[in-house]
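J.: coordinates for the following, if possible.
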Amino acid sequence: MVSEVIVHGRDAGRGAQTVEEIERSGGKARFLAADLGNPAEIRRLANASACEVRSQPEGRAGRTVMKRPMAY
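T.: Residues are numbered from 1 along each chain as shown. Sure thing, here's the model as predicted:
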């Protein structure tokens, strides 16, 4: 069974890079852009994540994984 990771952040380029790394390792992932400093974006992320979880076939759990920002 392969779970899908939902990667989120403000930077679509970094999100795509993270998704690629996960997929190269044999995983499955997708990116959802969101700024957690904006309440409307938090709601949008939560709603999109909930839709993803509900769309999983019966008996399969979905998860949301938050990635910490890279240090520069």
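J.: now tell me which helix or strand of the protein has the poorest mean pLDDT.
T.: Using mean pLDDT, DSSP states H and E, the weakest-scoring helix or strand in the chain turns out to be strand 63-64, at a mean of 48.
J.: checking residue 42 next. Helix, strand or coil?
T.: On the three-state scheme (DSSP: H, G, I helix; E, B strand; the rest coil), residue 42 is labelled helix.
J.: measure it to residue 15 for me?
T.: Distance, residue 42 to residue 15, using Cβ to Cβ, to the nearest Å: 16 Å. For every residue, glycine as well, the C-beta is placed using N, CA and C.
J.: CA atoms only: put the one helix or strand residue 32 maps to into PDB for me.
T.: Taking DSSP states H and E as the criterion, residue 32 maps to strand 28-33. Only the C-alpha atoms of strand 28-33 are listed here, as PDB (Å, rounded to 0.1, in the frame of the first residue of the first chain):
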ATOM      1  CA  LYS A  28       3.500   9.400  -3.900                       C
ATOM      2  CA  ALA A  29       3.000  13.100  -3.200                       C
ATOM      3  CA  ARG A  30       1.400  16.300  -4.400                       C
ATOM      4  CA  PHE A  31       1.900  20.000  -3.500                       C
ATOM      5  CA  LEU A  32      -0.700  22.400  -2.200                       C
ATOM      6  CA  ALA A  33       0.300  26.000  -1.900                       C
END
